[in-house]
Structures are given as C-alpha cells and as structure tokens.
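K.L.:
Based on what follows, work out the 3D shape:
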Amino acid sequence: MKPPTALTTVVYYTGPLRRLGASSLGRLVVLAIGLTAMTAITVPDMQKSAGVWLSACLWSCLAFFAVEGYVRARSVARADRDRSYLLTAPGIVDALAVVPVPIALICGIAPPTAWLFASLWILKLTRSSPGFAQLGRVFILEAKPLASVLALFLIILFLASAAMHVLERDLQPGAFGTMPASLWWAVVTLTTTGYGDEVPHTHLGHILGAVVMICGIATFGLWTGILATGFAAESRRRNFIQTWDLVSKVPFFQTLDPSAIAEITHMLRRLEVPAHTAVIRRGRVGDCMYFIADGEVQVEVKPAPVRLGSGSFFGELALLGDNVRTANVVTIVPSTLLILDLADFRTLTAHHSELARIIDAEGKRRMSENQRARELLLESGAASS
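P.N.:
Numbers count the residues shown, from 1 in each chain. You can find the predicted model right below:
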C-alpha cells in the first residue's frame, strides 16, 4: 500500500532536517540553543517577556535528547553489544540529560531553578570530542606522578596553613584565628589567585607568603608538565599506530621487516585530504613525495589524465630531478596520504636500496612517458600548422 501523497511530501521535505538532527552538528546546535535558553530563563526580565518561548525551547531540547537517548539505547540493544546500556558512561550521560529536570519539577522546585539541571546537557560534549578518551588515558598512565605532585601540594598546603596560623592568629584572629581560615588563605595563595581578603601583616608572614606563592607556581608547573608530556606521548603513540597500519598496506613497504617499517613510520606524515582537493600544483617547487594509503587521485597530464589508487605514489619526480612540479594532482575521493620529505627521502633511499630502485625506476618511466607525450604534442602541432 502506497503512503498518502501528503505524508510522502512531508517526509521528503523534512529529510534534510532529520538528517541534520541525527548528525553531530545538529546535536551541537540543539545543545547551544538549550543552554542559551536555560541561561536566559534565569534573567527576570527575559522570563517575563519571553518565558513561554524559552520554556517551549527548553522542552523541545529535552524531547530531542530523550528521543536521541532512546534511539541509541535501542540500537545498542539490537546489536546486542551491551544490554546494560544505562550502566555505561554514554548511557549515564543520556540519562542525566533527560531525567533530572522532570524529577525536579515533579518535586515542586520552581521552573527557573529546576531548569538549571539542564546544565548537565553540557556533558554531551564528551561524546563528540575524541580527545576526552585520550586525556583519560593520559590520567591513567600518569596517575603515579600526578599523585606524587598532589601529595606535595597537600604537604605545602597544611604546613603553610599551620605556620601562618601560628604567626598571625594573635594579630589577626578573624583571618587566621582558626586552621580552616588559614587553609583558605593557603589555597588562595598556592593557586596564585590572590584575592587579597586575607593577607599577613608580620614580616615572617610576608616571607612565608612569598615562599608559598613560589611553591604554588612550581607545583602547578609540575602538573602541567606531566600532563603536557603525557598527552604528547599519547598522541605520538596513537599517530604511530595509525601510520604503521597505513604503511603496512602500501605494497612497496610490505616486504620490509618490522624494524624498517618502524623507521619509515617515523619519517612519514599522515594527511587526510577531502575529495576534489589539489595536492600538487604544476609549476610549484616540490620538496616531498606522497604515498596513497587509501583513496584515489588524478594526475592531470596530457594527452589523458592518469588515476592512481591505494598503494601508488606520486610527486617523486621533483625529488629525483628537477624540483619543479610537472603536473597537477587532485584527489577524486577522500584520501589518506603519507608524506615523505626530501631529507627523509634521501635517508630512506640510502638505507633501503630495493625501495630506491623501485622508486627510481618508476620515476624514470614516468619521466619518459611525459617526454614522449610532449614530443607527440609538438609533432601534432607541427603537422597541423
């Protein structure tokens, strides 16, 4: 039975909107609208003038996240990957995006306050950012150094609090008369925030404050250094693994032993190129060559363009002879390219004679074909004249 024409029309015209809603961009748009409306509804003037529209916007966003969570849970259940989806981190995030606001409203909390639970929607960003998983792995791998710096921070914090309490409690009983008050000063000083609401008046207190500030800078510098080094190492490890997988798929490298592949992997840079994008332009100076790990490119040479697929390479002519590019190269489909710079190219050909022979032979063949094509064009031009 064919669906009604009106329904078919509605489905057709709402297709782009539905695809946008199911995309990451659509989720980000809904998230931005929802958080903006949640912020606006706490402003009394805006609540009076546009409260109905803001409430409608918030309920629409809540419905969107509810449908999204339901669809995701059903797809996971059908795939039978994890029956307890709500116990996973993505499931908890989806539940926190939907459940708290209705429960708060049912409990009688005022709508402007209840809708503050919509701030939990910001956790949706953890799903669309792959860097969070990488950062979490860095925290796990660097847990011991981070814990050591945390212990150092706590030692300085409590010793400084106790010393300042002894030095300033008689002169400033309101600011340093208790350990909790001294701890507040120590936290503010260690973090170099410096509110200035509690400051020492004695000379020894000034000296202690200066030492605490210097220790705070050093402590947070250690934390930053550990995280930055760990994140960089994790990024290099991840890129190395991805590049290794791509290198091992290139036919020219498959005969090499693992140590040689590891050496080449360190040399190559990975580049993701969209479709219909110029990689090389004729007349430009070339200082690298490209291996196609995945995808397809078109070399625009006369008399007819040449297509190169996965496993092929191009751009070597600029490294073997004249360094001026002789043809335009454009991607046909989204492609993954591995880039070998001139200095690394020379190192590679010096260490691996077989690869040097293959690249040199292919380069000479292409140079010969290009020269032959130019001669044919000149002959045809002379004959026509």
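
K.L.:
in the stretch 151-300 of the chain, which spans are strands?
P.N.:
269-273, 278-280, 288-294, 297-300 (DSSP state E, counting those that start in this stretch).

K.L.:
Save the ones you listed as JSON lines, and put in mean neighbour count, mean pLDDT and distance to residue 114 too.
P.N.:
Quick note: C-beta positions are derived from backbone N, CA and C, even for glycine. JSON lines is the format used below for the strands of the stretch 151-300 of the chain (neighbours: other Cβ atoms under 10 Å; pLDDT from 0 to 100; distance: least, Cβ to Cβ, whole Å):
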{"stretch": "strand 269-273", "mean neighbour count": "14", "mean pLDDT": "85", "distance to residue 114": "44"}
{"stretch": "strand 278-280", "mean neighbour count": "18", "mean pLDDT": "88", "distance to residue 114": "54"}
{"stretch": "strand 288-294", "mean neighbour count": "22", "mean pLDDT": "83", "distance to residue 114": "50"}
{"stretch": "strand 297-300", "mean neighbour count": "18", "mean pLDDT": "88", "distance to residue 114": "56"}
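
K.L.:
a markdown table please, covering those and showing distance to residue 131.
P.N.:
Output for the strands of the stretch 151-300 of the chain, formatted as a markdown table (distance: least, Cβ to Cβ, whole Å):
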| stretch | distance to residue 131 |
| --- | --- |
| strand 269-273 | 16 |
| strand 278-280 | 27 |
| strand 288-294 | 23 |
| strand 297-300 | 30 |
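
K.L.:
Which among those strands is found nearest to residue 101?
P.N.:
Comparing the strands of the stretch 151-300 of the chain by their distance to residue 101 (Cβ to Cβ), the top pick is strand 269-273, with 39.4 Å.

K.L.:
What distance do you get for residue 169 to residue 88?
P.N.:
According to Cβ to Cβ, to the nearest Å, residue 169 and residue 88 sit 51 Å apart.

K.L.:
The two - which one has more neighbours?
P.N.:
residue 169 (17 against 14; other Cβ atoms under 10 Å).

K.L.:
Next, work out how far apart the more buried one and residue 158 are.
P.N.:
Counting by Cβ to Cβ, the gap from residue 169 to residue 158 is 16 Å.

K.L.:
Would you map the helices across the stretch 51-200 of the chain?
P.N.:
Here the stretch 51-200 of the chain has its helices, by DSSP state H, counting those that start in this stretch, at 89-98, 100-106, 111-114, 125-128, 131-141, 143-168, 173-176, 179-190.

K.L.:
how about residue 310, secondary structure?
P.N.:
coil (DSSP: H, G, I helix; E, B strand; the rest coil).

K.L.:
isn't it right next to residue 295, touching?
P.N.:
Yes - contact criterion Cβ atoms under 8 Å: residue 310 and residue 295 qualify, at 6.8 Å.

K.L.:
What pLDDT does the model give the closest residue to residue 226 other than its chain neighbours?
P.N.:
Excluding the flanking residues, the one nearest residue 226 by Cβ to Cβ, 6 or more residues apart in numbering is residue 145, at 4.9 Å. Among the per-residue scores, residue 145 shows a pLDDT of 91.

K.L.:
from the helices of the stretch 51-200 of the chain, which stretch is densest packed?
P.N.:
For these, the largest average neighbour count (mean count of other Cβ atoms under 10 Å) is found in helix 179-190, namely a mean of 19.

K.L.:
avg pLDDT for it?
P.N.:
Here helix 179-190 scores 91 as its mean pLDDT.

K.L.:
in which helix or strand would I find residue 340?
P.N.:
strand 335-341 (DSSP states H and E).

K.L.:
quick one: residue 172 and residue 201 touch, right?
P.N.:
Yes - contact criterion Cβ under 8 Å: residue 172 and residue 201 qualify, at 6.5 Å.

K.L.:
From the contact counts, what lies against the strand or helix carrying residue 32?
P.N.:
Under the criterion of DSSP H and E, residue 32 resides in helix 24-40. Other elements packing on helix 24-40 under the criterion 3 or more Cβ pairs under 8 Å, 6 or more residues apart in numbering; DSSP states H and E are helix 15-22, helix 44-79, helix 125-128.

K.L.:
Could I get the average pLDDT for it?
P.N.:
In this model, helix 24-40 has an average pLDDT of 85.

K.L.:
More neighbours: which of residue 172 and residue 201?
P.N.:
Neighbours per residue (other Cβ under 10 Å) separate residue 172 from residue 201, with residue 172 holding more: 18 against 12.

K.L.:
how far away is the more buried one from residue 215?
P.N.:
Distance from residue 172 to residue 215, counting by Cβ to Cβ: 22 Å.

K.L.:
try residue 332
P.N.:
Taken as Cβ to Cβ, the span from residue 332 to residue 215 is 59 Å.

K.L.:
likewise residue 231?
P.N.:
Counting by Cβ to Cβ, the separation of residue 231 from residue 215 is 25 Å.

K.L.:
before we move on, what about residue 290?
P.N.:
Noted for residue 290: a distance of 51 Å to residue 215, by Cβ to Cβ.

K.L.:
Quick check: which helices or strands does the top helix by length along the chain pack against?
P.N.:
The longest helix of the chain (DSSP state H) is helix 203-249. With contacts taken as 3+ Cβ pairs under 8 Å, 6+ apart, helix 203-249 sits against helix 131-141, helix 143-168, helix 179-190, helix 258-267, strand 269-273, strand 288-294, strand 335-341.
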